[in-house]
Every structure is written in structure tokens, then in C-alpha cells.
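> I need the structure of the sequence given here:
(one chain, ligands or ions: 1)
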Amino acid sequence: MNILVINGPNLNRLGRRDATHYGVVTLAEIERALRDRASGRGDKVTFFQSNHEGAIVDCIQNSTTSSDCIIINAGALTHYGYSMRDALADARLPIVEVHLSNIHAREEHRRHSVIADLAVGQIAGLGWRGYLYALDFLVSRADEARRRASQ
Ligand code: DQA
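Residues are numbered from 1 along each chain as shown. Below is the predicted model of the structure:
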């Protein structure tokens, strides 16, 4: 299974950025943990981070046929990124939305996600582990679908 992991603006700063909300683990460490977890099961993870919405749109468009599902932390684009939303809708892939912090317990402008209704579900407030839980969920969901289809 090919899992595309997208991180949006400022998430390249993890580990140096506002540890109270985002913790001390870097994006490289999160990616390593995801790669280790996925490769143990023969799954492949592809990582993309950008501070630019258009680059994220390009990534989604270019990866649709090679990916089975998407894990995305869109950073602040979560709250207003409509072209990213359109690209995700067009991809028609299972999506899990991840946030390190609990966006529902923060400022008003963070409580709304423009991609939440496209996602199978959202993980918010569980820190870096949220990405691993998203991976576990998507892999187990695909396994179950395969099992049922072969019965
Ligand atoms: C975030 C929450 C967003 O509101 C914020 O703009 C981020 C990170 C999170 O992971 O908690 O950049 O997506």
C-alpha cells in the first residue's frame, strides 16, 4: 500500500516551533517513525512538505494514481485552503486529517477545517503519534476491505 503523507506550511519548523502546541519532535523524526512502521509491514510512505498551497495542489494532482490514501496535516491551510480542498476532493482517495494540537480547544479561527468533510476522520491533539495512528488506521481499514472482498 502506498501512503502519501503531506505536511503544509510551517511544519518544516517542528521541533523549533512553539513546543507547547506542537511538541519537540521534528518532522524528520516523525517521517522516520512512519517509514519504520510502514516498512515493517511492506507498505510504502511518500512524504511531501511545502509552505505553498500551489505546490501542495501539484503534489496531490501528481500523486493521485500512485497513492492509495493520504495522511495530511495542512497546517494553517486547514482553515482556508480552498484550492487544496478542491485537489483533495478530486483525488477521491481515503484521507485522514492530522493535527498535532487540539485545534478545537484553540483560537476560534483554528476550529474550522475546510477539509474535514472530505476526510474519513480527523486526529487532533495527540501530538506526533497522531500520524502513526492515522497510518495504523488506514492500513487496517484497507486490510479489512481486502479480507471482506475475498470472502
Ligand atoms: C496544526 C494546527 C494549525 O492551526 C496550525 O496552523 C498549524 C499546525 C497542528 O498540527 O496542530 O500549523 O495543523
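> ok, residues contacting stretch 32-43?
Residues from elsewhere that reach stretch 32-43 (C-beta atoms under 8 Å, 6 or more residues apart in numbering): 1-3, 5, 44-45, 47, 128, 131-132, 135-136, 139. Where you see a C-beta, it was placed from the backbone N, CA and C, and this is true even at glycine.
> should've said stretch 115-130
Counting by C-beta under 8 Å, 6+ apart, 14, 22-23, 25, 29-30, 33, 72, 74, 78, 81, 84-85, 88-89, 94-105, 113, 133-134, 137-138, 141 sit against stretch 115-130.
> quick check on the residues you listed: which are buried?
Buried members of the contacts of stretch 115-130, scored by 16 or more other C-beta atoms under 10 Å, are 14, 22-23, 25, 30, 33, 72, 74, 78, 81, 84-85, 88, 94-101, 103, 113, 134, 137-138.
> among the residues you listed, which are located in helices?
Tyr22, Ile30, Ala33, Met84, Arg85, Leu88, Ala134, Phe137, Leu138 (DSSP state H).
> and the least confident helix or strand in the chain by mean pLDDT, what does it pack against?
Sorting the helices and strands of the chain by mean pLDDT, DSSP states H and E puts helix 19-22 at the bottom, at a mean of 94. Judged by 3 or more C-beta pairs under 8 Å, 6 or more residues apart in numbering; DSSP states H and E, helix 19-22 is in contact with no other helix or strand.
> that one: how far from the chain's middle?
Relative to its parent chain, helix 19-22 has a centroid offset of 18 Å by C-alpha atoms, centre = their mean, to the nearest Å.
> hmm, who's touching it?
Leu14, Leu100, Ser101, Arg106, Gly127.
> mind redoing it with 6 Å?
Contact with helix 19-22 is made by Leu14, Leu100, Ser101, as judged by C-beta atoms under 6 Å, 6 or more residues apart in numbering.
> repeat that for stretch 83-91.
Glu53, Ile56, Val57, Ile60, Gln61, Thr64, Leu77, Val114, Ile115, Leu118.
> hang on, the fourth one in a helix?
Going back to what we said before, that points to Ile60. Yes: with DSSP: H, G, I helix; E, B strand; the rest coil as the criterion, Ile60 is part of a helix.
> and it, what does it touch?
So Ile60 contacts Ala87, Ala91 (C-beta under 6 Å, 6+ apart).
> cool, thanks, signing off.
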